[in-house]
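A.B. asks: how does the following fold in three dimensions:
(one chain, ligands or ions: 1)
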Amino acid sequence: MSELGNKSTLIIPGRIIFGTGTISEIGSLAAGYGKRVCIIYGRESFIKSGNLDRVIGFLTAGGEKIEEIGGISHDPDELLVEETVERVRPYRPDVIVGIGGGSVIDVGKAVSILLTNGGKVADYWGGRVFTRPSIPYIAVPTTSGTGSEVTKNAVITGRDGNFKKSIRSDYMIPDAAVVDPSLTFGAPESVTVSTGLDALIQNIEAFTSKNAGPITDTLALRAIELSGEYLIKAVKEPDNFKAREALSLVSLYGGIALANAGLGLAHGLSHPIGIHFGLPHGQACAVVMAKVMEYNYSARKERYDKIGSLLAGKPGVDAVAAFNELAFCFGISTRLRDYGVTEEDIPLLTEGSRGGSRNYNPVAFDDTEVAKMLKELL
Ligand SMILES: [Fe+2]
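C.D. replies: Residues are numbered from 1 along each chain as shown. So this is what the prediction gives:
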């Protein structure tokens, strides 16, 4: 497997700060953009854990004025994003800080760019292009999963709740990302499993995508190796510092890899499966991942063999077997019928998987092939 001969591009935030305790740097970082700071957050648990007060303390240490926008929900829709824009607008922030899981960070990105460019979410789904930089935005993840702190898109649910789609622009890449693994402590086990699997799958799909290149390969490979070593450990020992740090790195590397190399069919299918059958994103990806690898195997044999060895921590292990073992360990069924999917749902899921991530899959799938694969997964 050679990394030579392939093109690779790297677009990332101007500053990434990684490490336990680095959240204490958020105040001086934000102050570099001005005195008016808006903080966007979501989870009740973030408040209860005392982390919100801690972060506000850092942000106001230099006399900065702060506006709090809380209660951002999972799977944000167009209306929530547009309402949040109107909540933030009168405050005229110099900088916006988004702290939370992928959904919260995505809302922060969308709000920051809509404030400077105007218009509605649907305008940009319809082809309008962002032409102005966003308000300076600092992203701080509290889960180890999406890698959204380093990517250029925000996933938003349509107002009728029937689809999820991204808005995207290089202007949406956060200006800075602070990745402090200590903020991920206290996440429920189900969140660690789902986000951890998402992070792993993002690295697998970026490493095997049509756009994979040497820079992203290096990060994705290390992330897959770290997942093999620490994912189960982080779930079984939620207070294990090393494991939490490892998962934060897996998430960060996955975000960088996917933003620059793209993803694949597992992500393409995860959105319709998640939205129509209520599965968390990482779990929706995990249900189909092994089957997608089976279909893709002959086109990326060497790469999948490498993934199998790294995940299992020993040579000669098949990637599909290594991944299935992980899914089994977390009690994740890889049969769609266990989540209520029937044969009648296949056209809906097939249609929902078009475009986006599916375009980067190493093997081109037409709708008939996707439907065949889904039938095998029932
Ligand atoms: Fe993902």
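
A.B. asks: can we go C-alpha only for contacts and neighbour counts from here?
C.D. replies: Noted.

A.B. asks: show me the domain layout of this structure.
C.D. replies: 15-183, 188-377 (automatic domain parsing).

A.B. asks: measure the longest one end to end?
C.D. replies: Spelled out, that is domain 188-377. End-to-end distance for domain 188-377, by Cα to Cα, to the nearest Å: 28 Å.

A.B. asks: rewinding a little: dump the domains of the chain to CSV, plus mean neighbour count.
C.D. replies: Formatted as CSV, the domains of the chain follow (neighbours: other Cα atoms under 10 Å):
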stretch, mean neighbour count
domain 15-183, 20
domain 188-377, 21
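
A.B. asks: out of those domains, which is closest to residue 9?
C.D. replies: domain 188-377 (6.2 Å; Cα to Cα).

A.B. asks: distance between that closest one and the chain's centre?
C.D. replies: A distance of 12 Å separates the centroid of the chain from that of domain 188-377, by Cα atoms, centre = their mean, to the nearest Å.

A.B. asks: which residues does stretch 139-149 contact?
C.D. replies: The contact list for stretch 139-149 (Cα atoms under 8 Å, 6 or more residues apart in numbering) reads 97-102, 105-106, 108, 154, 173-174, 176-181, 183-184, 187, 191-192, 194-199, 247-248, 250-256.

A.B. asks: out of the domains of the chain, which is closest to residue 6?
C.D. replies: Closest to residue 6 of those is domain 188-377 (Cα to Cα; 5.3 Å).

A.B. asks: quick one: contacts for residue 372?
C.D. replies: Contacts of residue 372 by Cα under 8 Å, 6+ apart: none found.

A.B. asks: let's see that with 10 Å instead.
C.D. replies: If a contact means Cα atoms under 10 Å, 6 or more residues apart in numbering, then residue 372 has 346, 350 as its contacts.

A.B. asks: for whichever strand or helix holds residue 287, packing partners?
C.D. replies: According to DSSP states H and E, residue 287 maps onto helix 281-296. Applying 3 or more Cα pairs under 10 Å, 6 or more residues apart in numbering; DSSP states H and E, one finds that helix 281-296 makes contact with helix 189-208, helix 265-277, helix 301-312, helix 319-329, helix 367-377.

A.B. asks: restrict that helix to CA atoms and write it as CSV.
C.D. replies: In CSV, the C-alpha atoms belonging to helix 281-296 read as follows (Å, rounded to 0.1, in the frame of the first residue of the first chain):
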residue,chain,number,x,y,z
HIS,A,281,-25.9,8.8,13.8
GLY,A,282,-23.0,6.6,14.8
GLN,A,283,-25.2,3.6,15.3
ALA,A,284,-26.9,4.1,11.9
CYS,A,285,-23.4,4.1,10.3
ALA,A,286,-22.4,1.0,12.2
VAL,A,287,-25.4,-1.0,11.2
VAL,A,288,-24.4,-0.9,7.5
MET,A,289,-20.6,-0.5,7.7
ALA,A,290,-19.5,-4.1,7.5
LYS,A,291,-21.8,-4.8,4.5
VAL,A,292,-20.4,-1.6,2.7
MET,A,293,-16.9,-2.9,3.3
GLU,A,294,-17.8,-6.3,1.9
TYR,A,295,-19.1,-4.6,-1.3
ASN,A,296,-16.1,-2.3,-1.5
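
A.B. asks: taking helix 265-277 as reference, get the angle to that helix.
C.D. replies: Between helix 281-296 and helix 265-277, the angle comes out at 140 degrees (axes from the mean of the first three to the mean of the last three Cα atoms, to 10 degrees).

A.B. asks: circling back to that earlier point, could the domains of the chain be laid out in CSV, adding mean pLDDT and distance to residue 6?
C.D. replies: Shown next, in CSV, are the domains of the chain (pLDDT from 0 to 100; distance: least, Cα to Cα, whole Å):
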stretch, mean pLDDT, distance to residue 6
domain 15-183, 93, 22
domain 188-377, 95, 5
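
A.B. asks: can I get those in TSV with distance to residue 5?
C.D. replies: Formatted as TSV, the domains of the chain follow (distance: least, Cα to Cα, whole Å):
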stretch	distance to residue 5
domain 15-183	25
domain 188-377	9
